[in-house]
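A.B. asks: Based on what follows, work out the 3D shape:
(chains A and B)
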Amino acid sequence: MRHLLDTKELTYEQAINILDTADYMAEVGTREVKKLPALRGRTVVNLFFEDSTRTRLSFEAAEKRLSADVINFAAKGSSVSKGESLKDTAQTLAAINADAVVVRHSASGAPQRLAEAGWIDVPVLNAGDGTHAHPTQALLDAMSLRQFKSQITGKPTRGTDLKGMRVAIVGDVLHSRVARSNLWLLNTLGAEVIFVAPPTLLPVGIEDWPCEVYYNFDEALETHLDAVMLLRIQQERMHAAFFPSAEEYSRLWGLTPERFALLDQMDYETAVLHPGPMNRGLEISAVAADSDRSWVLRQVSNGVSVRMAVLYLLMTGGSAEDFYGN
Amino acid sequence: MTEHEATSSSEARVILSDADIDRALTRISFEILEANKGVENLVILGIPRRGFPIAQRLAEKIAKTDSDFSIERSLGQLDITMYRDDLRSHPSKTLEPTRIPSGGIHGKNVILVDDVLYSGRTIRAALDAINEFGRPSLVRLAVLVDRGHRQLPIRADHVGKNLPTASDETVRVLISEIDGVSDRVEILQGE
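C.D. replies: So this is what the prediction gives:
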């Protein structure tokens, strides 16, 4: 593994290794000097063809904590045809001797093209491409779920997986790269994934995916969920009538105060996750977002740790093949 | 750098037995107390993996000698992987957590503990790592085995055994907490 393009390609050992490394990185964040010299003198380019605040900030924080030099490239407004512009950009990056590229693109597969076209010979990290994959988000969710599991069992996180956990992913699965990346990664780690969504927001062919599907949030809530992950309703991708109104979506598919109160009546703990940014009052109510069950802010902290881990693993140790032994 | 992977243990020559190791650590613990003139400001940091259990044993021996010494507040672990100078070319090693004792290391007398002193590069990395946590008033180095072949101007203050070796030989330290066998130090002939 030279690049991180998708969670589907990660083996169990690789995933556990990334999470263990991320735990180590998290400890660095609690130090007075939050910096490691591991990537000193290396240049990482953040190539963002699509808007992003938290992923870009998180990658930038991770790169800086590992002492890398950071170049931010926002390609917004580029009118050149996509394949051509990506190639030109890649060759520019190669010419300035970039050592790794973090790329977000609205076209699914753009990071893979960048990794495999031979334009530039450095590790490529996918920071979200179209509706395809968002591997670092899935990894930070897995890290949060692992911490949650560790809180309950009282055992340290290191080396553990998510076996036996039931995780519901609720909302717009159709457009969500977060849902897809989580599906593959959580499956690899032994968790059961439950998608909860209106039929209009589920992709064609979902019956072939390794998951359970519920069309009713309340029914899903009765099946012993260890975690509920709400997906953002992405206004920018709502180009058709997927549901009648925001009010109806919120009532049927949102984590309303009433549904949130149900969680308190259960005799087990359920964590609430959201990849952010949240639409308060739409997919998640304020009371749920601000509660003790909410992992939203810990997810953000874990995001930095996970990205540090991936950058470290891909950028050190000669070739990553040696490291992973394949 | 120490090679811990077994090549062929039949060719291994045992240099120190578990009793030898115990006696050496007892002596080092007294040396540390003597050099430090007591336990005041003493902090012991083991370098993973095998440096830590050795540091732990030194701390236990010191606590046995002087009841003012609190293992909890004085024993720590320092991972140095991120500070190595060969990160780019060597496969990433397993990372171990760093645990600095609650009192910190600023103004303390830090004893760094490792199993084998060889090129000195690990210790250089450890000195860099220590810097991130504060400015100790002094740093001393205790090792179980000094096998020579230094590549940097670094020496140990407390040595369990000086072991002249050829560079094609491998020194292997086995510690019960990690290796699950009784403690010993052995030399393996070059491959």
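A.B. asks: contacts, neighbours, all on C-alpha from now
C.D. replies: Will do.
A.B. asks: anything in stretch B:84-101 near chain A?
C.D. replies: Yes: Stretch B:84-101 reaches chain A (CA under 8 Å from any CA of the partner chain) through B:84, B:87-92, B:95-98.
A.B. asks: Output that stretch in PDB with nothing but the alpha carbons.
C.D. replies: As requested, the backbone C-alpha atoms of stretch B:84-101 are provided in PDB (Å, rounded to 0.1, in the frame of the first residue of the first chain):
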ATOM      1  CA  ARG B  84      15.300   8.700  14.700                       C
ATOM      2  CA  ASP B  85      17.600   9.800  11.900                       C
ATOM      3  CA  ASP B  86      16.800   6.900   9.700                       C
ATOM      4  CA  LEU B  87      13.000   7.200   9.600                       C
ATOM      5  CA  ARG B  88      13.000   7.700   5.800                       C
ATOM      6  CA  SER B  89      14.900   4.600   4.900                       C
ATOM      7  CA  HIS B  90      13.800   2.100   7.500                       C
ATOM      8  CA  PRO B  91      10.500   0.500   7.900                       C
ATOM      9  CA  SER B  92       8.400   2.100  10.600                       C
ATOM     10  CA  LYS B  93       8.800   0.400  13.900                       C
ATOM     11  CA  THR B  94       5.900  -0.300  16.200                       C
ATOM     12  CA  LEU B  95       5.200   2.800  18.300                       C
ATOM     13  CA  GLU B  96       5.100   2.500  22.000                       C
ATOM     14  CA  PRO B  97       3.400   5.100  24.200                       C
ATOM     15  CA  THR B  98       5.500   7.700  26.000                       C
ATOM     16  CA  ARG B  99       4.700   8.200  29.700                       C
ATOM     17  CA  ILE B 100       6.400  11.000  31.400                       C
ATOM     18  CA  PRO B 101       6.000  10.900  35.300                       C
END
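A.B. asks: I'd like the distance from that stretch to the chain centre, please.
C.D. replies: 15 Å (CA atoms, centre = their mean, to the nearest Å).
A.B. asks: what residue lies at the spatial centre of chain B?
C.D. replies: By CA atoms, centre = their mean, chain B has its centre lying nearest to B:D114, at 1.1 Å.
A.B. asks: So which residues make contact with the helix or strand hosting that residue?
C.D. replies: Assigned by DSSP states H and E, B:D114 falls within strand B:109-117. Surrounding strand B:109-117, the residues in contact under the criterion CA atoms under 8 Å, 6 or more residues apart in numbering or on different chains are B:1-2, B:36, B:41-48, B:50-52, B:54-55, B:136-148, B:156, B:171, B:173.
A.B. asks: at 7 Å what do you get?
C.D. replies: B:2, B:41-47, B:50-51, B:55, B:136-147 (CA atoms under 7 Å, 6 or more residues apart in numbering or on different chains).
A.B. asks: export the following helix or strand past it as PDB, just CAs?
C.D. replies: Downstream of strand B:109-117, the next assigned helix or strand under DSSP H and E is helix B:121-131. Included here for helix B:121-131 are C-alpha records, laid out as PDB according to Å, rounded to 0.1, in the frame of the first residue of the first chain:
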ATOM      1  CA  ARG B 121      22.000   6.900  17.600                       C
ATOM      2  CA  THR B 122      19.100   5.800  19.800                       C
ATOM      3  CA  ILE B 123      20.500   7.800  22.600                       C
ATOM      4  CA  ARG B 124      20.900  10.900  20.400                       C
ATOM      5  CA  ALA B 125      17.300  10.500  19.400                       C
ATOM      6  CA  ALA B 126      16.300  10.100  23.100                       C
ATOM      7  CA  LEU B 127      18.100  13.400  24.000                       C
ATOM      8  CA  ASP B 128      16.000  15.100  21.300                       C
ATOM      9  CA  ALA B 129      12.900  13.500  22.600                       C
ATOM     10  CA  ILE B 130      13.600  14.600  26.200                       C
ATOM     11  CA  ASN B 131      14.000  18.200  25.000                       C
END
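A.B. asks: Past helix B:121-131, which element shows up next along the chain?
C.D. replies: strand B:138-146.
A.B. asks: Count the residues that sit near the residue of chain A found nearest chain B.
C.D. replies: In chain A, the residue that lies nearest chain B is A:G317 (3.7 Å; CA to the nearest CA). The number of residues packed around A:G317, counting by other CA atoms under 10 Å in any protein chain shown, is 19.
A.B. asks: So which of the residues of stretch B:84-101 next to chain A is surrounded by the most neighbours?
C.D. replies: B:S92 (23 neighbours).
A.B. asks: residue ranges of the strands in chain A, please?
C.D. replies: Secondary structure of chain A (DSSP state E): strands at A:43-48, A:69-74, A:100-105, A:124-129, A:166-170, A:192-196, A:212-214, A:227-230, A:271-273.
A.B. asks: Of those strands, which stretch is the most buried?
C.D. replies: strand A:124-129 (a mean of 27; mean count of other CA atoms under 10 Å in any protein chain shown).
A.B. asks: what packs against that one?
C.D. replies: The elements that strand A:124-129 packs onto, with contact taken as 3 or more CA pairs under 7 Å, 6 or more residues apart in numbering or on different chains; DSSP states H and E, are strand A:100-105, helix A:110-116.
A.B. asks: quick one: low-confidence parts of chain A?
C.D. replies: Within chain A, the stretches with pLDDT under 70 are A:76-84, A:318-326.
A.B. asks: got a list of what B:T65 touches?
C.D. replies: Contacts of B:T65 (CA under 7 Å, 6+ apart): none.
A.B. asks: 10 Å - rerun?
C.D. replies: B:29-30, B:33, B:38-39, B:59 (CA atoms under 10 Å, 6 or more residues apart in numbering or on different chains).
A.B. asks: go on, B:V143?
C.D. replies: Counting by CA under 10 Å, 6+ apart, B:V143 has contacts B:25, B:28, B:46, B:51, B:54-55, B:112-117, B:155-162.
A.B. asks: Tell me the bridge partners for it.
C.D. replies: B:D114, B:V159 (DSSP bridges).
A.B. asks: Flag every buried residue along stretch A:287-298.
C.D. replies: A:287-289, A:293-296 (16 or more other CA atoms under 10 Å in any protein chain shown).
A.B. asks: just how off-centre is the longest helix belonging to chain B within its chain?
C.D. replies: For chain B, the helix with the greatest residue count under DSSP state H is helix B:18-36. Here helix B:18-36 is found 13 Å from its chain centre; the criterion is CA atoms, centre = their mean.
A.B. asks: who's in contact with that helix?
C.D. replies: Counting by CA under 10 Å, 6+ apart, B:15-17, B:37-40, B:42, B:54-55, B:57-63, B:65-66, B:109-111, B:140-145, B:157-161, B:174-176, B:182-185 sit against helix B:18-36.
A.B. asks: From those residues, list just the buried residues.
C.D. replies: Of the contacts of helix B:18-36, these count as buried by 16+ other CA under 10 Å: B:15-16, B:38-39, B:42, B:54-55, B:58-63, B:109-111, B:140-145, B:157-161, B:174-175, B:183-185.
A.B. asks: and B:R155, what does it touch?
C.D. replies: B:117-118, B:120, B:123, B:140-143, B:146, B:148.
A.B. asks: ugh, typo on my part, it should be B:S119
C.D. replies: Contacts of B:S119 by CA under 10 Å, 6+ apart are B:1-2, B:146-154.
A.B. asks: number of nearby residues for the residue nearest to B:K93 when sequence neighbours are not counted?
C.D. replies: Nearest residue to B:K93 in three dimensions, chain neighbours excluded: B:T81, at 7.1 Å (CA to CA, 6 or more residues apart in numbering or on different chains). Around B:T81 there are 23 other residues, counting by other CA under 10 Å.
A.B. asks: What parts of chain B come near chain A?
C.D. replies: B:79, B:81-100, B:128-129, B:131-134 (CA under 10 Å from any CA of the partner chain).
A.B. asks: try it again with 7 Å
C.D. replies: With CA under 7 Å from any CA of the partner chain as the criterion, chain B comes near chain A at residues B:82-83, B:87-92, B:95, B:97, B:132.
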